[in-house]
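>>> Build me a model:
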Amino acid sequence: MRKLGRPSGHRKMMMKNLVTSLFKHGKIVTTETRAKEVRRDAEKMITLAKKNDLASRRLVLAEVLDETTVKELFEKIAPKYQDR
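Below you'll find the predicted structure:
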């Protein structure tokens, strides 16, 4: 994980906010370095959402800050990538 010039707590919360915004709005405007980090986390969340069980939902809820966004991730976004 890149440090991005931030203390660890700030960096972790920034990544959670960026991932949440990405799933909520479909795109984000950020630097290339941050986008590469967000991509790692977003792909992990999609992989968990494809499993569609309670344990994976709780793991995603720990990283994505908005419950309605998590619901949308499990119901709309993850099924698009089911065969990947």
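>>> Please count neighbours and contacts with C-alpha atoms only from this point.
Will do.
>>> Let me see the contact set for Leu61.
Glu67, Val70 (C-alpha atoms under 8 Å, 6 or more residues apart in numbering).
>>> chain center to the host helix or strand of it, what's the gap?
For Leu61, the host element (DSSP states H and E) is helix 54-63. A distance of 11 Å separates the centroid of the chain from that of helix 54-63, by C-alpha atoms, centre = their mean, to the nearest Å.
>>> Thr69: helix or strand, and which one exactly?
With DSSP H and E as criterion, Thr69 is part of helix 67-72.
>>> Contacts for that helix, please.
Thr20, Phe23, Lys24, Arg57, Val60, Leu61, Val64.
>>> now those residues in JSON lines, with pLDDT and distance to Leu4?
Shown next, in JSON lines, are the contacts of helix 67-72 (pLDDT from 0 to 100; distance: C-alpha to C-alpha, whole Å):
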{"residue": "Thr20", "pLDDT": "95", "distance to Leu4": "18"}
{"residue": "Phe23", "pLDDT": "94", "distance to Leu4": "22"}
{"residue": "Lys24", "pLDDT": "94", "distance to Leu4": "23"}
{"residue": "Arg57", "pLDDT": "95", "distance to Leu4": "28"}
{"residue": "Val60", "pLDDT": "95", "distance to Leu4": "23"}
{"residue": "Leu61", "pLDDT": "95", "distance to Leu4": "24"}
{"residue": "Val64", "pLDDT": "93", "distance to Leu4": "20"}
